[in-house]
Every structure is written in structure tokens, then in C-alpha cells.
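Student: test case, fold it:
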Amino acid sequence: MTTTPQIDLALNLAVVGAAAVALVGTSATAAAAEPIPYLAAQDPVVQSPPSSPPEAQAESRIRSWFFDDEDGQFDVSNFLARGGFIPVPIIITEPALGGGGGVAAAFLSTNWQHPRQVTRHVAAVFRTGNGSEGVGYFQSGYAFDGRLNYRFGIGHGEVTLETFPAFAPGGVEYTSEYDYGVIGSALWRLPDERFSVGPLFDFRKLSTRIDAAFLPDDLDRDVGVTLRTGALGAGFHFDSRDNPLTPTKGVNALAEAKFNREAFGSDRDYEQYTADLFVFQPLTPEVRVGWKVNYDGIRGDFPFFYAPAINLRGVQAAQYQGVNVISSEVEATWQLDRRWSVLAFAGYGTAESGERRAYQDSGDIWAGGFGFRYRLARKLGLDVGMDFAMGPEEFIFYLQFGHAWSMNMD
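Tutor: Numbering: from 1, shown residues only. Prediction:
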């Protein structure tokens with residue numbers, strides 16, 4: 001998906017929990033929960049007095065939601081598979097935002113004749129350490145017997161970030177206040193269901209202020225004014241992954257283009273382009289590798305804060321912007337047992353300023369690190385964990401829900 005240096009934060013952070021729930025919902029309802037026996041009776045350590053039947057039923061139900069029926073470990077497969085209302089915490093570790101958090105309230109409903117066709121309604125709110133905050137609503141589902149997959153999100157908020165233009169390489173802080181942001185897509189599955197194609201839309205109204213006494217013309221015209229952007233576009237996607245949450249094999253590729261035009265309600269005419277490739281391959285039963293390469297480009301009369309930026313673990317958001325940006329990463333994962341795994345990753349990125357004088361070429365940017373995962377939902381293949389990364393400037397840690405690349409994949 002097209003990524004701006006703000007990571008579409010006013011909208012997407014408010015629905016980051018929604019994105020997680022959307023991914024979970026697709027797989028969760030496909031694996032219908034089965035009744036799970038009361039496991040405490042099999043545990044010789046448990047010496048509880050006999051419970052009354054209602055208490056025993058409640059205890060059994062809780063265990064069935066949060067403990068696996070095969071290994072007895074903490075597991076939320078059945079809690080997610082039941083659908084209905086699911087609360088999701090939002091934990092933000094991005095240093096550009098000063099950390100933060102929020103909560104998403106999700107409701108999942110299923111077409112029982114087609115278990116993978118899940119309708120999701122999610123409301124979310126977040127606040128960060130630097131004062132950024134927002135609210136959002138996300139909905140996704142299927143139509144026309146599952147041939148059409150639609151996504152729709154709307155958000156309102158205020159986001160404070162740093163930009164690193166040529167005249168202030170040490171960074172300058174700016175804040176964008178979004179009256180609204182509305183994004184969405186409708187992708188039609190082709191006869192070969194690994195392929196899908198369809199329209200995209202993106203409409204926003206915002207104003208931006210910046211903490212600087214002097215600004216070059218490239219930036220000054222974007223500050224202190226109300227700006228409307230309106231874009232229509234198209235996307236072409238391919239997906240053969242075995243799991244949308246934590247893939248172990250397969251390919252996800254996409255190409256998207258969005259055109260902001262006055263005819264669509266935009267105050268500026270500019271274009272955004274994205275081409276992403278994600279490849280996953282097992283080498284042995286215990287070892288698997290993944291590789292990604294992302295290209296983001298922008299052309300025309302675009303606001304400075306919408307220029308894409310290098311997107312790597314270990315690199316602060318919006319630190320290296322340009323009109324042509326490449327971000328690539330390779331990752332190797334070693335599965336220690338059925339629950340725990342460790343991984344190492346390395347990344348390379350570069351941002352080209354082109355003719356936009358507000359930026360400068362980034363040169364070669366390298367980053368890397370390591371992490372660990374715990375299989376939180378065995379039946380769904382959902383891993384959670386932490387990554388520890390080092391880039392050119394600083395050490396950054398991340399909390400991961402699903403794969404680290406999930407927000408850019410289908």
C-alpha cells in the first residue's frame with residue numbers, strides 16, 4: 001500500500017488495531033472453534049476444591065478461550081475464532097511519536113457458508129507521547145459471493161512528527177491536524193483467485209503548522225493553509241501466502257497508483273506510486289527466510305509531508321524522504337519449538353530527492369537487528385513478539401503483532 005512519511009498516521013494509527021483484527025478475522029473464523037475439554041483435571045499440580053457446576057462451566061469456558069487443547073499453553077485461537085466483540089490494545093513504540101497507545105473495539109461477523117468471508121467493524125482511539133492523537137473507524141468485508149473484497153476507513157486526528165529537509169538536517173517538528181481522512185479500496189478477485197484488481201480512493205482535509213522561523217518556498221506554501229487532497233487510483237495484487245498473519249511460504253506482490261486531481265476535489269495535482277514484493281520460503285522444517293522490496297514514488301505538486309520515506313526496522317519514520325524511495329529487508333527465522341522462534345534481519349534503503357530542493361539524497365542506509373516470537377494463536381498461525389533494531393542514528397525496539405511487514409502486505 002502507498003506509504004507517506006506520516007505513515008498515514010492520523011488515519012492508520014487510529015485503525016492499527018483494526019488492521020490487526022482484520023487480519024485475525026480472516027483466519028480466525030476459518031478455523032471454527034471446537035469444544036475444548038477442561039484441562040485442569042489433567043494437571044496434577046492443580047489441587048482446587050470441587051467447583052459448583054456453573055463455576056466449573058465458566059472456568060472451562062475461560063480455559064477453552066485462552067489455553068491450547070494440545071499443549072496447554074496460553075493461546076487465544078478460540079477466543080478470536082468465536083467472533084463477536086473483540087477488544088484490541090494498540091501499543092505504539094515508534095520513536096518519532098514518543099511512544100503511546102490506545103484501544104480498538106472490534107466486532108466480527110461471519111458468513112457461515114463461507115467462513116473466510118468476515119465482515120469487520122472496528123472503532124479505535126490512540127494518543128502518543130508527543131501529543132499526537134486520533135480516532136478512527138474501519139470496515140471491511142465481501143460482496144458478490146466473495147468475489148469483491150472491500151475496505152473502508154475514516155479518521156480524525158492530530159499528528160506531530162519530525163521532517164529532515166535539506167535546510168534543517170537535524171530535523172524540524174511539524175503538526176498536521178486532520179479534519180478528516182477517508183481511504184478505501186474494492187478489489188475484484190480474478191478467475192485465478194490469487195490475483196485481484198480494483199479501484200482505490202483517498203480523500204483528506206488538513207492543515208499543518210511547523211516549528212521553524214524560516215522555511216524555503218518548497219515547504220512554506222504547505223504550512224498555515226487548509227489543504228484538501230482527493231485521489232482515485234487502481235491496484236493490482238497477487239497473493240499466494242499460506243497465512244496472512246505470519247506467512248511461512250508464498251508471495252505477496254502489489255502495484256498501486258493514485259492520482260490526486262482537481263476534478264476529484266484535490267487542491268494539488270500529484271501522483272503516488274507503489275510497487276511491493278514480499279517472498280517467504282522455508283529452507284528446512286525449522287528455518288525459513290523472508291525478503292521484501294518496496295518502491296514508493298511521488299510526482300507533481302505534492303505537499304512535503306506526503307513525500308515517501310525509507311521504511312525499515314531501525315530507521316525512524318520520516319527521517320529519509322524523497323521522490324523515489326526503496327526499502328528492502330531480508331529476514332531469517334529459526335523455529336525453536338512449536339511456540340517459540342528467534343529471528344535476525346538486515347535492511348537497506350535509499351531515498352532520492354530528484355528535483356525537489358526541500359530534500360537531499362539519503363545515500364545508502366543500512367539497518368538490522370534481531371527478535372523473538374511467541375505463537376499466540378496456534379490454529380491461526382499468529383505470532384507476537386519484539387524486535388530490536390539498530391540503524392544509522394539510534395536503537396529502536398518494536399512490539400510485533402503478526403509479521404513485521406503486515407501493515408504493508410494484503
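
Student: only C-alpha atoms for contact and neighbour calcs from this point on.
Tutor: Fine.

Student: so Asp218 sits in a helix?
Tutor: Yes: Asp218 forms part of a helix when assessed by DSSP: H, G, I helix; E, B strand; the rest coil.

Student: now do the same contact list for the closest residue in space to it that isn't next to it in sequence.
Tutor: Spatial nearest neighbour of Asp218, excluding adjacent residues (Cα to Cα, 6 or more residues apart in numbering): Ala358 at 5.9 Å. For Ala358, the set of contacting residues under the criterion of Cα atoms under 8 Å, 6 or more residues apart in numbering consists of 165-167, 216, 218-219, 304.

Student: output the below-cut-off pLDDT ranges for the protein.
Tutor: 1-59, 83-84, 110-116, 356-357 (pLDDT under 70).

Student: pull out the buried positions in the longest strand along the chain.
Tutor: Among the elements of type strand in the chain, defined by DSSP state E, the one spanning the most residues is strand 172-189. Within strand 172-189, the residues that qualify as buried by neighbour count (16 or more other Cα atoms under 10 Å) are 174-189.

Student: gap between Leu254 and Gly322?
Tutor: Note on Leu254: its distance to Gly322, by Cα to Cα, to the nearest Å, is 21 Å.

Student: meant to ask about Asp218
Tutor: Distance from Asp218 to Gly322, counting by Cα to Cα: 13 Å.

Student: right, and His237 touches Ala255 too?
Tutor: Yes: His237 sits in contact with Ala255 when judged by Cα atoms under 8 Å, with a separation of 6.5 Å.

Student: what segments of the chain are helices?
Tutor: Shown for the chain, the helices assigned by DSSP state H span residues 9-12, 16-28, 53-66, 77-81, 217-220.

Student: same for the fourth one, what does it pack against?
Tutor: Counting contacts by 3 or more Cα pairs under 8 Å, 6 or more residues apart in numbering; DSSP states H and E, helix 77-81 packs against helix 16-28, helix 53-66.

Student: mind redoing it with 7 Å?
Tutor: Where contact means 3 or more Cα pairs under 7 Å, 6 or more residues apart in numbering; DSSP states H and E, helix 77-81 is packed against helix 53-66.

Student: now the last one
Tutor: Where contact means 3+ Cα pairs under 7 Å, 6+ apart, helix 217-220 is not packed against any helix or strand.

Student: check contacts around the residue nearest to Asn324 when sequence neighbours are not counted.
Tutor: Take Asn324 and drop its neighbours on the chain: the residue closest to it by Cα to Cα, 6+ apart is Gly297, 4.6 Å away. With contact set as Cα atoms under 7 Å, 6 or more residues apart in numbering, Gly297 has these partners: 272-274, 308, 323-325.

Student: quick one: which of those residues is nearest Ala377?
Tutor: Minimum separation from Ala377 among the contacts of Gly297 (Cα to Cα) is found for Thr274, which lies at 31.6 Å.

Student: touching, the closest one and Lys258? I think so.
Tutor: No: because the distance of 9.0 Å does not satisfy Cα atoms under 7 Å, Thr274 is recorded as not touching Lys258.

Student: rewinding a little: can you tell me how far the residue nearest to Asp218 is from Gly99?
Tutor: 28 Å.

Student: for Gly101, see how far away Gly371 is.
Tutor: Distance, Gly371 to Gly101, using Cα to Cα: 21 Å.

Student: I meant to write Gly265 there.
Tutor: 33 Å.

Student: these two: who's more crowded?
Tutor: The residue with more neighbours, out of Gly265 and Gly101 and counting by other Cα atoms under 10 Å, is Gly101; that gives 17 against 14.

Student: tell me what the more buried one is bridged to.
Tutor: Each beta-bridge partner of Gly101 is listed here, defined by DSSP bridges: Ile91, Arg127.

Student: who's in contact with Gly235?
Tutor: Contacts of Gly235 were listed using Cα under 7 Å, 6+ apart, and they are 197-200, 255-257.

Student: how about the contacts of Gly297 in JSON lines, adding neighbour count and distance to Thr246?
Tutor: Listed next are those as JSON lines, based on neighbours: other Cα atoms under 10 Å; distance: Cα to Cα, whole Å:
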{"residue": "Gln272", "neighbour count": "24", "distance to Thr246": "28"}
{"residue": "Tyr273", "neighbour count": "21", "distance to Thr246": "26"}
{"residue": "Thr274", "neighbour count": "20", "distance to Thr246": "22"}
{"residue": "Pro308", "neighbour count": "30", "distance to Thr246": "26"}
{"residue": "Val323", "neighbour count": "23", "distance to Thr246": "31"}
{"residue": "Asn324", "neighbour count": "21", "distance to Thr246": "29"}
{"residue": "Val325", "neighbour count": "25", "distance to Thr246": "26"}
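
Student: out of those, who's nearest Phe85?
Tutor: Thr274 (34.1 Å).

Student: tell me who's in contact with the residue lying closest to the closest one once chain neighbours are set aside.
Tutor: Spatially, and ignoring its direct neighbours in sequence, Thr274 is nearest to Asp296 (4.7 Å; Cα to Cα, 6+ apart). For Asp296, the set of contacting residues under the criterion of Cα under 7 Å, 6+ apart consists of 2, 273-275, 308, 324-326.
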